[in-house]
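Undergrad: what follows is a predicted structure for the sequence shown.
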Amino acid sequence: TFKDFRELEHRLKKQRNRPARPFTIGITAAARAPRTGRPACRIIEKEYLDKGTACKQNKSESVLLFKKFLGDDDTKKCKDYFPKDLKNITDASHGSFIAVIHADGNNLGKLVKKIGENASGDELVKLHTKFSKVLEEVTTEAVRYAFNNTVPSPEGRGCYYPFRPVILGGDDVCVIIRADLAVPFTHLFLKSFEQLSKEKFKQTRIPGLDHGLTACAGIAFCKDKFPFHYAYSLSNELCAAAKKASKQIKKEKNLPGVPSSLLFYKIQSSFFTSYQDIVERVLKAGDPGMRFDFGPYYINGDYGPPVEGLLECCSFFKKKENAALESRYEEWLRRVYESEHRASLYLERTAALLEQEAIEKYHELTQQLHTLSPALSAEKPYINGKTEGKVISPGALDVAEIPYGNRKTPLYDIITLNSLGGN
């Protein structure tokens, strides 16, 4: 029953606060492992290891997680082609940036409670078991689909997948991937996760799951030598921020479920803080100024700027003939940080030059920006972000009368993704 579950959670919380007695104890004269200070039991590459660390290293040799991603039982293939060193995820042609992706299901706790509302005893256990099994299948198949359609196969001896799985269990996914593949991979995973969950949960007839499940994801771009725990922490915060925005959309539009979305940020300094601090310190220019946190980006474009539209805009600017155009808008972003007035004048000149010298390109750019929001254009590549504390969907308002300081632009995100290389 729910009372039993609550009591179990309460006891687990109490247990976490009790220090665990170490299982490995030794005499004073015993050699110690430098990492933990516990008695050493093995020496690997001239380093003393205690029993716990040695067991972890043995477990890291397991290929079960790799097999789940590949859908292949070839142990040698799993061991040889997934990199252990992050520098092997990148290469000279794609730069040294990697991406840490964290994805998590939406409102799963509430759904689990809803499933067991009218059940008890063995029936409740069977429902939860069936739900967990189907959820594992959905997540694994969605990840595998995204992997097979995004990640290139290794070519030649000593080559690796530009990809390293970290977590795959339940509705939780964490992977490390080459930076330019991150958004396409996440887009395919979230889209497939929605579709598969609808199909599979309809077959199970579990109550409350007719609309399937959705998920949100955070992507932290960083150098391959950047501390992993900081990057993972940021990806977790980005995922939480995407969820918060999606839940707000659900509330405003009275949707049956929380829309799937993703949010990303490229770490460009060694000074690391929370995402909220990054928004205030980096993603805002001037006071009040322009904002660059245009996301999150949604799988379904009815709820906000779509991921597909973002990728189309990136492809447009990545064309060789549009390189100069991208440079001009990048210069506009730099001037926004320096002076609102100078930035406005520069943007006016850029739009005027486009209209005079390349009217077709002017219309093409506006058309591309419309895939993110109908309020965007080559002349005014920004929309309203917030009005009186209420989140407004892109394109919902006429931007003509909105104060400059309330505006957001997607160009920062587009230029960020294009700076990561790839196609």
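TA: Received it, and whenever you're ready, just let me know what you need.
Undergrad: right, and residue 379 touches residue 351 too?
TA: Yes. With contacts counted by C-beta atoms under 8 Å, residue 379 reaches residue 351, the gap being 4.1 Å. For the C-beta atoms, the positions are set from N, CA and C on the backbone; glycine is no exception.
Undergrad: compare those two (neighbour count), which wins?
TA: In terms of neighbours (other C-beta atoms under 10 Å), residue 351 is the more surrounded of residue 379 and residue 351; the figures are 19 against 15.
Undergrad: tell me which element that one is part of?
TA: Take DSSP states H and E as the rule and residue 351 turns out to sit in helix 340-357.
Undergrad: for that helix, packing partners?
TA: Counting contacts by 3 or more C-beta pairs under 8 Å, 6 or more residues apart in numbering; DSSP states H and E, helix 340-357 packs against helix 323-338, helix 359-370.
Undergrad: out of these, which gets nearest to residue 134?
TA: In terms of C-beta to C-beta, the element of the helices and strands packed on helix 340-357 nearest to residue 134 is helix 359-370, at 38.8 Å.
Undergrad: for that closest one, packing partners?
TA: Applying 3+ C-beta pairs under 8 Å, 6+ apart, one finds that helix 359-370 makes contact with helix 307-318, helix 340-357.
Undergrad: at 10 Å what do you get?
TA: Here helix 359-370 touches helix 307-318, helix 323-338, helix 340-357, helix 411-418, going by 3 or more C-beta pairs under 10 Å, 6 or more residues apart in numbering; DSSP states H and E.
Undergrad: for residue 107, which of these is the nearest?
TA: helix 307-318 (20.7 Å).
Undergrad: tell me which residues in the closest one are buried?
TA: 307-314, 316-318 (16 or more other C-beta atoms under 10 Å).
Undergrad: redo these as JSON lines? Include pLDDT and distance to residue 123.
TA: Output for the buried residues of helix 307-318, formatted as JSON lines (pLDDT from 0 to 100; distance: C-beta to C-beta, whole Å):
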{"residue": "307", "pLDDT": "96", "distance to residue 123": "40"}
{"residue": "308", "pLDDT": "95", "distance to residue 123": "42"}
{"residue": "309", "pLDDT": "95", "distance to residue 123": "45"}
{"residue": "310", "pLDDT": "96", "distance to residue 123": "45"}
{"residue": "311", "pLDDT": "95", "distance to residue 123": "45"}
{"residue": "312", "pLDDT": "94", "distance to residue 123": "48"}
{"residue": "313", "pLDDT": "94", "distance to residue 123": "51"}
{"residue": "314", "pLDDT": "94", "distance to residue 123": "50"}
{"residue": "316", "pLDDT": "93", "distance to residue 123": "55"}
{"residue": "317", "pLDDT": "92", "distance to residue 123": "56"}
{"residue": "318", "pLDDT": "91", "distance to residue 123": "55"}
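Undergrad: and those, which is closest to residue 114?
TA: Looking across those and measuring by C-beta to C-beta, the closest to residue 114 is residue 307, at 28.6 Å.
Undergrad: residues contacting that closest one?
TA: 183-184, 186-188, 190-191, 260-262, 295-301 (C-beta atoms under 10 Å, 6 or more residues apart in numbering).
Undergrad: these in helices, which ones?
TA: Counting by DSSP state H, the members of the contacts of residue 307 that fall within helices are 183-184, 186-188, 190-191.
Undergrad: dump these to CSV, plus pLDDT.
TA: What follows is the ones in helices among the contacts of residue 307, written out as CSV (pLDDT from 0 to 100):
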residue, pLDDT
183, 97
184, 96
186, 97
187, 97
188, 97
190, 97
191, 96
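Undergrad: I figured residue 240 hits residue 261, correct?
TA: No. Contact criterion C-beta atoms under 10 Å: residue 240 and residue 261 do not qualify, at 11.7 Å.
Undergrad: ok, the two, which is more surrounded?
TA: Counting neighbours by other C-beta under 10 Å for residue 240 and for residue 261 shows that residue 261 has the greater number, 30 against 15.
Undergrad: how close does the nearest residue to the more buried one once chain neighbours are set aside sit to residue 380?
TA: Distances taken as C-beta to C-beta, 6 or more residues apart in numbering place residue 296 nearest to residue 261, at 3.9 Å, with adjacent residues excluded. Look at residue 296 and residue 380: by C-beta to C-beta, to the nearest Å, they are 22 Å apart.
Undergrad: comparing the two, which residue is more hemmed in?
TA: residue 296 (27 against 16).
Undergrad: residue contacts, that one?
TA: For residue 296, counting by C-beta under 10 Å, 6+ apart, the contacting residues are 216-218, 238-239, 241-246, 249, 259-264, 303-305, 307.
Undergrad: just the ones in helices among the contacts of residue 307 now: which is nearest residue 24?
TA: Relative to residue 24, the closest of those is residue 186; by C-beta to C-beta it sits at 40.7 Å.
Undergrad: OK, contacts around that closest one?
TA: Going by C-beta under 10 Å, 6+ apart, residue 186 touches 99, 101-103, 146, 150, 173, 175, 177, 215-219, 260, 262, 264, 297, 299, 307.
Undergrad: wait, doesn't residue 150 sit right on residue 182?
TA: Yes. With contacts counted by C-beta under 10 Å, residue 150 reaches residue 182, the gap being 9.1 Å.
Undergrad: more neighbours, those two?
TA: Neighbours around residue 150 and residue 182, counted as other C-beta under 10 Å, are more numerous at residue 182. The numbers are 27 against 20.
Undergrad: where does the stretch 301-423 of the chain have low pLDDT?
TA: Counting by pLDDT under 70, the stretch 301-423 of the chain contains low-confidence ranges at 385-406, 422-423.
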